[in-house]
Structures are given as structure tokens and as C-alpha cells.
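# Okay, here's the prediction I keep looking at, along with the sequence it came from:
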2 protein chains.
Amino acid sequence: MARDFHIGELAARTGRSIDTIRWYEKQGLIPGVARDAGRRRVYTENHVAWLDLIDRLRRTGMSIAQLREYTALTRQGKAALKEQRALLAAHGQRVRETIADWTEALALIEAKVDFYGEWMRKGKRPAVMPHHRASAPKKEAKKAPRRRTA
Amino acid sequence: MARDFHIGELAARTGRSIDTIRWYEKQGLIPGVARDAGRRRVYTENHVAWLDLIDRLRRTGMSIAQLREYTALTRQGKAALKEQRALLAAHGQRVRETIADWTEALALIEAKVDFYGEWMRKGKRPAVMPHHRASAPKKEAKKAPRRRTA
DNA sequence: GCTTGAGCTGGAGTGCACTCAAGGATGTTC
DNA sequence: GAACATCCTTGAGTGCACTCCAGCTCAAGC
């Protein structure tokens, strides 16, 4: 279909750096990369879509290791459909849990913002800040990923 | 009020490791740590509450640097009320944005899970996977924090 | 045919947030 | 008073996910 292209364009179109793309490939996250006569990597539209998916998963906290697993599964195509689905479903569950966790945290943050607002308006510290005898050790904290500093 | 305690108990009650607590202190995230006769750190109930707040903020992606800033502001008490509020409000905004981002990603993930389900049921790849000509470069990606591997 | 620009490889370096280890002091229990 | 737990400090090490660099090749434009 549409003409293929080199790494610079892929980088521009996906928002990742060239180095990151090469590094991802080395990590096994980018299947089907051809080379042209001059040994340069050649990409297709599919790679753009794939990197977009990768990005979604990364941004919702999937580690490179898990992404590598998932990529390996998709490489097996139909044969590993069940596993692909399971892996994604599990990730979806983690995402739901994290959203719940963040939503809860947001409530606390907003309460504290209100508390400050009160304090400023009244000139003196309001009686109750629901500093919440809440969260127990919460050993099983939700995970969330690091993002590039971009 | 309630008797004070040492670092081991604080660690147990907040779910952080002893090393982390000492490291946080060195980073300027824990004000008002007294010492007993034997130079051991002494904590109060307030420290438990404070660490819980810190934890909330950390888990919603606030960096140590920002936490340090916030801590410094609270150390100034009333004098920096406005800044404390602004910092927290800004963070709340980021949290809201991230939740929105994650929610959007979740929709894609679930769509893909359904897609796999279809594929498995029908035995052949369904026509449309809204592989979504969606997300543009998305240079301004939402940030999210790293979590301890715990 | 030479400059310019994009891409290549391999490997070292970075930033963040811990985490661990060594060697020692102090406190508590029997 | 000996054993053991708990705490102390300093400094080094870890894991993750990039990011940068040196030195090179290749292709295209003028």
C-alpha cells in the first residue's frame, strides 16, 4: 500500500525517539522489521499502529518485560490467541484497579485543597482535616509506570 | 498523646521499609524527627499520617523532588498556605488527566480483548479491529510514577 | 566527486527511587 | 553479663527504561 519508510519517519509519527525504537527492537518489542539494500530498517504502516498500541500499554504501566512477552505471543499468531487475550485481560484488570486507586487518592487531594482553601479564608486552621485514619499499610500498592521526561 | 515510637514501628505501620524512611528523611520529606537518648529517631502519630499522605502523592506520580518542595512549604506553615494549596491543586489536575488517559487506554485494551474473544469463537480473524487511527504523536503524554516492586 | 544527512553498531552513561551491606552502638531480656 | 534485637551511619549497588556518543557506512543532491 502506502510506501514504506525509515526509522526517522517512524520516530516522527509515533513520538518516540529513534534510539528508543532501536532499543525496543533489541528488546524484542518490534517484530517484522525488514532492511533495505543499505541495511537500513524499513517500516510499514503496521509498525505505526503497533507502536501506538505499545505506547498505550506502556503508558498504563506495562513493563518492557511484559511487553516482550506479549510481543512474543503475537508472533505466534493464532496459536497463542488464548494467551494473548489472557495477558491483555490481566493488564486491563490492573488498569482498572489503578484507576480506582488514583480516584480514591484524588478525593483525598481535593479534600486537602479544600482544607487549605478554608484555612486561607478563615485565617485559622479548620477543625477537621479528614487526615483520614485511612490507608493501612497497603502493602499491595498499585503499580504505575514511569514516563519519559518528554 | 499516644506514646511515640521508633523507626521499626513506623515502617510496619506505613508499609514502607526502614531504609526508605531514613532515605526519605535525608531527602527532606520528613520534618520534625526527634532523637532519643541513644540517638535513635522518635516518631509520633503525626508521622504516620504524614507518611500516608506522602504515599498517596507518590502513588499518584508525584516525584520525590516535588514532594520535597511540598514538604518545604508545609514546614513554613501558614506563611506558605497559598503555595501549598497551589501545588496540591496542580497535582490533582495531573491526576485527573492521567485518570482520563488511562480510562481511554482501558477502552482500547478491552476492545482488543473482545477482538481476541471474537477471533477465538469464530476461528478466524474478525474484520475490524478498531486498531484506531487514533493517538497522534501524543507528544504530551501523561506522566505516571514508578512503583516499588513490592 | 564531494558534502550533507540519515542511518548503522556497540557500548557507556543517566536519572530516579530505592535497597543492601559493613561495622558499630544501644537497649532489653534472661 | 551475655545474647539478641533494634537502631545507627556511610557508602555502594540495583533495576528500569531509556539516552548519548564515537566512529562508521550509505545515499542523494548539487
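That came in fine, so what should we check first?

# drop to CA atoms for contacts and neighbour counts, all remaining ones
Fine.

# For A:T71, list the residues it contacts.
A:28-31 (C-alpha atoms under 8 Å, 6 or more residues apart in numbering or on different chains).

# repeat for A:I109
Going by C-alpha under 8 Å, 6+ apart, A:I109 touches B:88-89, B:92.

# where's the longest helix along chain A relative to the chain centroid, distance-wise?
Across chain A, the longest stretch assigned as helix under DSSP state H is helix A:81-122. A distance of 15 Å separates the centroid of the chain from that of helix A:81-122, by C-alpha atoms, centre = their mean, to the nearest Å.

# Show the pLDDT at the residue nearest to the spatial centre of chain A.
What sits nearest the mean C-alpha location of chain A, by C-alpha atoms, centre = their mean, is A:R59, with 1.7 Å. For A:R59, the pLDDT comes out at 96.

# Does DNA strand D have contacts with the helix or strand where A:A11 lies?
When elements are assigned from DSSP states H and E, A:A11 belongs to helix A:7-14. No: Helix A:7-14 stays clear of DNA strand D (C-alpha under 7 Å from any atom of the strand), getting no nearer than 11.0 Å.

# Enumerate the residues of chain A near DNA strand C.
A:6-9, A:22, A:35, A:39-42.

# pLDDT weak spots in chain A?
A:1-2, A:128-150 (pLDDT under 70).

# I'd assumed A:Y43 was in contact with A:V33.
Yes: using C-alpha atoms under 8 Å, A:V33 is in contact with A:Y43, at 6.3 Å.

# Between the two, tell me which one has more neighbours.
A count of neighbours by other C-alpha atoms under 10 Å in any protein chain shown puts A:Y43 above the other of A:V33 and A:Y43, at 19 against 12.

# Measure how buried the closest residue to A:R96 other than its chain neighbours is and give me the count.
Closest residue to A:R96 apart from its sequence neighbours, by C-alpha to C-alpha, 6 or more residues apart in numbering or on different chains: B:L106 at 7.5 Å. By other C-alpha under 10 Å, the residues close to B:L106 number 22.

# what residues are up against B:L106?
A:92, A:95-96.

# Mind doing that once more with 10 Å?
A:56-57, A:60, A:91-96, A:99, B:100, B:112 (C-alpha atoms under 10 Å, 6 or more residues apart in numbering or on different chains).

# before we move on, what about A:L10?
Contacts of A:L10 (C-alpha under 10 Å, 6+ apart): A:4, A:16-18, A:21, A:42-45, A:47-48, A:51.

# Of those, keep whichever come out buried.
A:16, A:21, A:42-44, A:47-48, A:51 (16 or more other C-alpha atoms under 10 Å in any protein chain shown).

# Tell me the one of those residues nearest DNA strand D?
Proximity of those to DNA strand D (C-alpha to the nearest atom of the strand) peaks at A:R16, which lies at 6.9 Å.

# Torsion angles phi and psi at that closest one?
Phi and psi for A:R16, reported as degrees, to the nearest 10, are phi -90, psi 160.

# And A:Y43, by the same measure?
Here is the backbone geometry of A:Y43 (degrees, to the nearest 10): phi -120, psi 160.

# where's it relative to A:Q84, distance?
23 Å (C-alpha to C-alpha, to the nearest Å).

# and if you look at A:W23?
Distance, A:W23 to A:Q84, by C-alpha to C-alpha: 23 Å.

# more neighbours, these two?
Ranked by neighbour count (other C-alpha under 10 Å), A:W23 and A:Q84 place A:Q84 first, with 23 against 13.
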